[in-house]
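Chemist: Generate a structure from the sequence data that follows.
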Amino acid sequence: MTRSNHPALYACLYAREFPAQAMLRLRPTLRSGPVAVLQGEPPRQFVCSRNARAAALGVTANMTRAELDVFPTVTRLSRSLAEEASARPALLQCAGQFSPRVEDQSEETCFCAILDIAGTEKLFGSPEKLSKKLLASVRALGIQAAVVVSTNIDAAICLARSLPVRLAVIPAGQEAAALAPLPLSVLPLTPEHAETLARWGIATLGALAELPEKELIARLGQTGQRLRHLARGQAPHLLVPDPPAFALEERMELDAPVEILESLLFVLGVLLDHLIARATAHILALAAVTVQLKLEGGATHTRTVRPALPNTDRNLWLKLLHLDLQAHPPNAAILAVTVTAEPGSTSKVQLGLFSPQLPEPSRLDVTLARIRSIVGEDRVGRPVLEDTHRPDAFRIAPFVIPQASPIRAPCGRSRSAGRRLRPPELVPVTLRQRRPITFVFRNERYLVERTYGPWFSSGNWWGAELWSIEKWDLIARCGNTTRNTTLCCCLARHPMKEDWRIEALYD
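Modeler: Modelled structure (predicted):
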């Protein structure tokens, strides 16, 4: 593998207050008001994250629950690690659309991803244009973030920690000047080092960068040299990309138990919006959707919906999920919802010029779902013959729209066509030396002229569904001298039932 000749260039995607943002992205109705996320067990809960409106009111990190009661307008949410774990892969996949080399450097309450964007100008334009496109993609996921582009990874991270929601580009060689006015809080300082620098009167990165290196090492050790390099934007950093596996999954823990299906559909609609947006960004559709409901008592209720064709129609998915959950409702109140989607191709089915018109997939899926809710899951689909000689042995498989195939003319010698009688018709038969010689079919008596057989087949001898059939192919002539018609048929005897039936007529 040859190394690229492009100079090193990195983009830092940074989203602060990630616990609050991960929860608000799934609760769009709460975004317009102040929200604080609490962590810990009562009564020792404290604020671990809040949105900008709550911060403007004076809500700070580590504020206790009793102190938060002073702000009655602030909505309180309990921290959900499951929703954060669902939002983080979504952001990493979004970053992966702009670079195949992405490193996750997330912190306790902040999301941070480093993208290697060297040589991407021909695909996305200048670093400013790439940053704008990246921010737009992140906002589509319901996350507010900042993007900083620099040739030094740590310089981009430090500047992103102090920026509001916007983008910035640090010119090559100007890292120290860009970092100089920043406070020391953007550095990974231990409490002891922060106290020491405060006693020295060091408050900004510029002041730290001006300290003599040898004296700083003598007092703080090698950590002092590392901090000085970070303040000057010269700290080396080896990018370790770890691209996440592509998975379409969203989780949401409900604020209160839900028992009404219509309330659950509102939550499913929000989760589907995010799944469809993520799939569309990769030019994919949803082939199947699995809904896992966590119920009171610890039980789970899982349902999977798979339409005839992959699609990104939100209303169609909601309708299919609604019909499926109506037919198979959970038996307890719902505490959490997990929606997993299977990606599929968005290609269309192209029919031949003389192929019959197929129904619209969306209407067909809804119709099949309604029929399943009435007659049952195992009674709707397409028949598939089983690998057996047992007559009419088939199973029901999920319905799929077949691919168009060219119609070919039959070749070789002509063969007679057989028409099955459903159900087979009982007939009285006269035997001679265990071979049929006459029978009565549809009030007419026939004399057998030729017989072919018998052919025996049986199966399921190991179980209660034992079956055995004796078949004959006959050529018979009507005994009525006025009609003189010939009949070619398939005559079958069921030894266990001791009756004769005509199963097919040959043309």
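
Chemist: Number of residues surrounding Leu57?
Modeler: Leu57: 13 surrounding residues under other Cβ atoms under 10 Å. The way it works is simple: take the backbone N, C-alpha and C, and place the C-beta from them, glycine included.

Chemist: quick one, phi/psi of it?
Modeler: Backbone torsions of Leu57, given as degrees, to the nearest 10, read phi -80, psi -10.

Chemist: So it versus Ala36, what's the distance?
Modeler: 9 Å (Cβ to Cβ, to the nearest Å).

Chemist: check contacts around the nearest residue to Gly269 once chain neighbours are set aside.
Modeler: Once flanking residues are discounted, Gly269 sits nearest to Leu318: 5.8 Å by Cβ to Cβ, 6 or more residues apart in numbering. Contacts for Leu318 (Cβ atoms under 8 Å, 6 or more residues apart in numbering) come out as Leu265, Leu268, Gly269, Leu272.

Chemist: mind checking which helix or strand Leu318 is in?
Modeler: In the assignment (DSSP states H and E), Leu318 maps to helix 314-327.

Chemist: re earlier: which neighbours do Leu57 and Ala36 have in common?
Modeler: Jointly contacting Leu57 and Ala36 under the rule Cβ under 8 Å, 6+ apart are Phe71, Val74.

Chemist: still on that earlier bit, out of the contacts of Leu318, which are buried?
Modeler: Using 16 or more other Cβ atoms under 10 Å as the burial test, the contacts of Leu318 include Leu268, Leu272 as buried.

Chemist: and of the contacts of Leu318, the nearest to Ala336?
Modeler: Lowest distance from Ala336 to the contacts of Leu318 (Cβ to Cβ) belongs to Leu268, with 12.6 Å.

Chemist: My guess is the closest one contacts Ile334. True?
Modeler: No: with contact defined as Cβ atoms under 8 Å, Leu268 does not reach Ile334; the gap is 10.7 Å.

Chemist: Tell me the bridge partners for Glu470.
Modeler: Glu470 has these beta-bridge partners by DSSP bridges: Phe456, Arg493.

Chemist: What segments of the stretch 201-350 of the chain are strands?
Modeler: Remark: strands assigned in the stretch 201-350 of the chain by DSSP state E, counting those that start in this stretch are 248-258, 285-295, 300-305, 334-344.

Chemist: How about the secondary structure of Ala85?
Modeler: Secondary structure, DSSP: H, G, I helix; E, B strand; the rest coil: Ala85 is helix.

Chemist: Spatially nearest residue to Val366 (excluding sequence neighbours)?
Modeler: In space, and not counting its chain neighbours, Val366 is closest to Lys319: 5.6 Å by Cβ to Cβ, 6+ apart.

Chemist: How about Ile170?
Modeler: Distances taken as Cβ to Cβ, 6+ apart put Ser150 closest to Ile170, at 4.1 Å, once the chain neighbours are dropped.

Chemist: right, and that neighbour touches Ala235 too?
Modeler: No: here Ser150 does not reach Ala235: they are 11.7 Å apart, not a contact under Cβ under 8 Å.

Chemist: Settle it for me: which of the two has more neighbours?
Modeler: The neighbour comparison of Ser150 against Ala235 (other Cβ under 10 Å) goes to Ser150, with 28 against 19.

Chemist: so how far is Pro188 from that one?
Modeler: Taking Cβ to Cβ, one finds Ser150 at 17 Å from Pro188.

Chemist: What of Ala113?
Modeler: In terms of Cβ to Cβ, Ala113 sits 17 Å off from Pro188.

Chemist: Those two: who's more crowded?
Modeler: Neighbour comparison, Ala113 and Pro188: the larger count goes to Ala113, with 25 against 13 (by other Cβ under 10 Å).

Chemist: what residue is smack in the middle of this protein?
Modeler: In the chain, the centroid-proximal residue (Cα atoms, centre = their mean) is Ala341; its distance is 2.0 Å.

Chemist: Apart from its neighbours in sequence, what residue is nearest it?
Modeler: Leu248 (3.9 Å).

Chemist: before we move on, back to that, ok, the residue nearest to the centre of the chain touching Ala277?
Modeler: No: Ala341 lies out of contact with Ala277 (Cβ under 8 Å); the separation is 11.5 Å.

Chemist: could you redo the contacts of Leu318 as TSV and give each row pLDDT and distance to Val70?
Modeler: Listed next are the contacts of Leu318 as TSV, based on pLDDT from 0 to 100; distance: Cβ to Cβ, whole Å:
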residue	pLDDT	distance to Val70
Leu265	92	37
Leu268	94	36
Gly269	94	35
Leu272	95	38
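
Chemist: just the contacts of Leu318 now: which is nearest Val375?
Modeler: Closest to Val375, out of all of these and judged by Cβ to Cβ, is Leu265, at 23.9 Å.

Chemist: residues in contact with that closest one?
Modeler: Leu318, Leu321, His322.

Chemist: now do Ala341
Modeler: By Cβ under 8 Å, 6+ apart, Ala341 lies in contact with Leu248, Glu249, Leu275, Ala279, Leu286, Ala287, Ala288, Val289, Thr290.

Chemist: who's the residue lying closest to Pro428 once chain neighbours are set aside bridged to?
Modeler: In this structure, Pro428 finds its nearest non-sequential neighbour in Val440, 5.2 Å apart by Cβ to Cβ, 6+ apart. Beta bridges link Val440 to Arg445 when assigned by DSSP bridges.

Chemist: can I assume Val440 is in contact with Leu426?
Modeler: No: applying Cβ under 8 Å as the test, Val440 and Leu426 come out as separate, 10.1 Å apart.

Chemist: And for Leu30, the neighbour number?
Modeler: Neighbours of Leu30 using other Cβ under 10 Å come to 16.

Chemist: Thr302 now?
Modeler: Counted with other Cβ under 10 Å, Thr302 comes out at 12.

Chemist: Spatially, what comes nearest to it if we skip its sequence neighbours?
Modeler: Gln292 (4.8 Å).

Chemist: Quickly list what that neighbour is bridged to.
Modeler: Under the criterion used (DSSP bridges), Gln292 bridges to Thr302, Thr338.

Chemist: That one and Leu335 touch, don't they?
Modeler: No: if you go by Cβ under 8 Å, Gln292 and Leu335 don't touch, sitting 11.6 Å apart.

Chemist: Helices along the stretch 351-500 of the chain, start to end?
Modeler: Ranges of helices within the stretch 351-500 of the chain are 361-375, based on DSSP state H, counting those that start in this stretch.

Chemist: For it, give me the ranges with low pLDDT.
Modeler: For the stretch 351-500 of the chain, applying pLDDT under 70 flags the ranges 351-361, 400-416, 481-483.

Chemist: Let me see the ranges of the strands in it.
Modeler: For the stretch 351-500 of the chain, applying DSSP E, counting those that start in this stretch gives strands covering 382-385, 394-397, 418-426, 429-432, 435-441, 444-459, 467-478, 486-494, 499-506.

Chemist: between those strands, which gets nearest to Leu230?
Modeler: Across the strands of the stretch 351-500 of the chain, closest to Leu230 is strand 394-397 (Cβ to Cβ), at 61.6 Å.

Chemist: Could you list every helix and strand in contact with that closest one?
Modeler: strand 382-385 (3 or more Cβ pairs under 8 Å, 6 or more residues apart in numbering; DSSP states H and E).
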